[in-house]
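Participant: Build the 3D model from these lines:
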Amino acid sequence: MFPIYDDVPTKRIPIITIAIIIINTVVYIYQISLIDGYSAFVYYMGLIPYEISHNMEIMANGPSLIYSAIFTSMFIHGSFIHLAGNMLFLWIFGNNIEDYVGRINFIIFYFICGITSALTQVLTDINSTIPVIGASGAIAGILGAYLVLYPKAKVNTLIIFGFFIRIIKIPAVVVLSFWILYQFLYGISSLAERSGEGGTAWFAHIGGFIIGFLLIKIYNFAIHLKEN
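Facilitator: Model (predicted):
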């Protein structure tokens, strides 16, 4: 299942969502322009679990660079497909969350989800020296919030099964529940297959989804208290 667009309209232009998409795209264009320096850039700006978990203050660039990687890693992608997939999900689901919580709150929400997802990945793979990169952890938080707010929304989804190719409207609760179940299953299997060669940061997705789910619950509870 590959989501294409949903049927939930927005009341205003999702400026922050668009800005995040532009920033990620510009960073990726800069990455590929480096050619020989591509890998060095990814290691320099990506999040390396071992460095965070072991607090390597002896690094020449100092500990501040280590922790700033939690933020910079959210804007780096390993391939065009990686970037395009993340930005599509951000556009489909992020504009509605931004519309619901407001632009400033959306920025805060996005980064909290991104930070939490990164730290979740660190805790589940503390000795990894492979950079964790991508916006998918923060976007996973958006998916968690969307599941709470719009479970009955219809998501136009591309279904490919052999020669069967169709675009079908599927309730968001089905699409997103399938997505998070997929992350859990592959996350668990990855624990037994650690090869040191990198791969998908499954637990970053899981951590982001859970914190996004909880944050929107807390946000709604706070709004309810304020109204009463």
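Participant: Disregarding residues adjacent in the polypeptide, which is nearest to the most centrally placed residue in the chain?
Facilitator: Per Cα atoms, centre = their mean, the C-alpha nearest to the average position across the chain is that of Ser136, at 2.2 Å. Excluding its sequence neighbours, the residue lying closest to Ser136 (Cβ to Cβ, 6 or more residues apart in numbering) is Asn86, at 5.4 Å. To be clear about C-beta, it is placed using only N, CA and C from the backbone, and glycine gets the same treatment.
Participant: go on, Tyr43?
Facilitator: In space, Tyr43 is closest to Pro131, 5.6 Å off (Cβ to Cβ, 6+ apart).
Participant: ok, now Ser190?
Facilitator: Closest to Ser190 by Cβ to Cβ, 6+ apart is Trp202, at 5.5 Å.
Participant: Just the pLDDT for that neighbour.
Facilitator: At Trp202, the model reports a pLDDT of 88.
Participant: Equivalent analysis for Leu65, please.
Facilitator: 54.
Participant: How about Tyr44?
Facilitator: For Tyr44, pLDDT reads 86.
Participant: Flag every buried residue along the longest helix out of those in the chain.
Facilitator: Counting by DSSP state H, the longest helix found in the chain is helix 202-227. Burial within helix 202-227, assessed by neighbour count using 16 or more other Cβ atoms under 10 Å, is assigned to 202-213, 215-216, 219.
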